[in-house]
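In: how would this look folded up:
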Amino acid sequence: MTTGGRPARWTATARALPWLGPTLVLVAGVVFFPAGYMAWTSFRDLSQFGVDNGPAGFDNYARLLEFTALSRVLLNTVVWVVGVVVVTVVVSLGLAQFLDKAFPGRRFVRLTVIVPWAASVVMTTTVIYYGLDPFYGVLNAFLVDVGLLDQPYGFTRNAVPAFLTAMGIAVFVSLPFTTYTLLAGLQTIPDDVREAAQMDGAGPWAAYRRIILPLLRPALAVATIINIINVFNSLPILQVITGSIPGYNADTTTTLIFKFIRADRQIDTASALSIVNFLIVLAVILVYLKVVKPMRDDE
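Out: Below you'll find the model as predicted:
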């Protein structure tokens, strides 16, 4: 038997291949092949019916730069991702801290927090969409009845309020995962660490800021990264809430991809924008990891 060194590692890898093989094939077929095909398509000239007319070079990417509403869409995307992720993480920190305490009914409250996660995103969004309808929406009627509105308002008929409504829904459906990720991180912090902080005279806020938050950094990094990816690529919420609004004032780069495909039949341009989307989210995550350094050991 070979022990140590490169031969031993190759032997261990060969033994693992029968178990890893199906997973690797699945990842290659479901992830890498579609991604590679999309990258290849972004450099092709495709007709409205998907007929390949040959190489297009960087024409599809140049067409993106010439798109008149691109600056507005990029601004919407930044507001969408930063706004939803920041609010979600901040609210989840408070919820996780609350659920980490012992109180009567804690188990029931924890189960309640899961509800937005368990329900279909499309179903939740559709309920709110029709509830805010200015003609027959019960939420709109409620706001009028309690005096917050003089008359029903078209929250989902105008770009800005519809976009803000979509952001609120995105925060709502993102809270369960983020809260439980942070709660799991809180429960890994030993009680003696917190007791030591109290004995040293640290107040609740000082202890939380200087001890709890640094120890939460790995869980916070995981929650933030997954939220960035999910929110950046989110389609159902915006499609339901803002999909019927004319123009591009309520679009992000993700919804713009589908408008290129469905409305303009620009499949090649949509592929180019998909590659740009991937590079943007990859760059954001790398910068975040570089700045936050979640796996760095504190001395």
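
In: and Phe135, what element?
Out: Following DSSP states H and E, one finds Phe135 outside all helices and strands.

In: now do the helices in the stretch 151-299 of the chain.
Out: Counting by DSSP state H, counting those that start in this stretch, the stretch 151-299 of the chain has helices at residues 159-186, 191-199, 204-207, 213-215, 217-232, 236-242, 253-262, 267-292.

In: chain center to the last one, what's the gap?
Out: The gap between where helix 267-292 is centred and where its chain is centred comes out at 13 Å by C-alpha atoms, centre = their mean, to the nearest Å.

In: next, the buried residues of that helix.
Out: In terms of neighbour count (16 or more other C-beta atoms under 10 Å), helix 267-292 has its buried residues at 267-277, 280-281, 284-285. In this view, the C-beta of every residue, glycine as well, is placed from N, C-alpha and C.

In: report the inter-axis angle for that helix versus helix 217-232.
Out: Interaxial angle of helix 267-292 relative to helix 217-232 (axes from the mean of the first three to the mean of the last three C-alpha atoms, to 10 degrees): 160 degrees.

In: against Thr77, how distant is the spatially closest residue to Ile285 that is not a sequence neighbour?
Out: Spatially, and ignoring its direct neighbours in sequence, Ile285 is nearest to Ile225 (5.7 Å; C-beta to C-beta, 6 or more residues apart in numbering). Between Ile225 and Thr77 the distance is 17 Å, computed by C-beta to C-beta, to the nearest Å.

In: do the same with Asp268
Out: Distance from Asp268 to Thr77, counting by C-beta to C-beta: 21 Å.

In: pLDDT weak spots in the chain?
Out: Within the chain, the stretches with pLDDT under 70 are 1-8, 193-195, 197-198, 200-203, 263-264, 293-299.

In: mind running it again at 90?
Out: 1-60, 63-70, 97-122, 132-158, 184-222, 233-235, 243-248, 257-271, 276-299 (pLDDT under 90).

In: remind me, longest helix of it?
Out: For the chain, the helix reaching the highest residue count under DSSP state H is reported as helix 70-99.

In: tell me the helix or strand right after that helix.
Out: Using DSSP H and E, the helix or strand that follows helix 70-99 in sequence is helix 106-118.

In: which elements pack onto that following helix?
Out: If you count contacts as 3 or more C-beta pairs under 8 Å, 6 or more residues apart in numbering; DSSP states H and E, helix 106-118 packs onto helix 70-99, helix 159-186.

In: run the chain-centre distance for it.
Out: Offset of helix 106-118 from its chain centre (C-alpha atoms, centre = their mean): 20 Å.

In: same question for stretch 46-63.
Out: Centre-to-centre, stretch 46-63 and its host chain are 30 Å apart (C-alpha atoms, centre = their mean).

In: and for stretch 284-293?
Out: With C-alpha atoms, centre = their mean, you get 16 Å for stretch 284-293.

In: using PDB, write down the CA coordinates of that stretch.
Out: The C-alpha trace of stretch 284-293 is given here as PDB (Å, rounded to 0.1, in the frame of the first residue of the first chain):
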ATOM      1  CA  VAL A 284     -19.400  41.700  -5.700                       C
ATOM      2  CA  ILE A 285     -18.900  38.400  -3.800                       C
ATOM      3  CA  LEU A 286     -15.100  38.500  -4.200                       C
ATOM      4  CA  VAL A 287     -14.900  42.100  -3.000                       C
ATOM      5  CA  TYR A 288     -17.100  41.300  -0.100                       C
ATOM      6  CA  LEU A 289     -15.000  38.300   0.900                       C
ATOM      7  CA  LYS A 290     -11.800  40.400   0.500                       C
ATOM      8  CA  VAL A 291     -13.100  43.200   2.700                       C
ATOM      9  CA  VAL A 292     -15.000  41.200   5.400                       C
ATOM     10  CA  LYS A 293     -12.600  38.200   5.500                       C
END
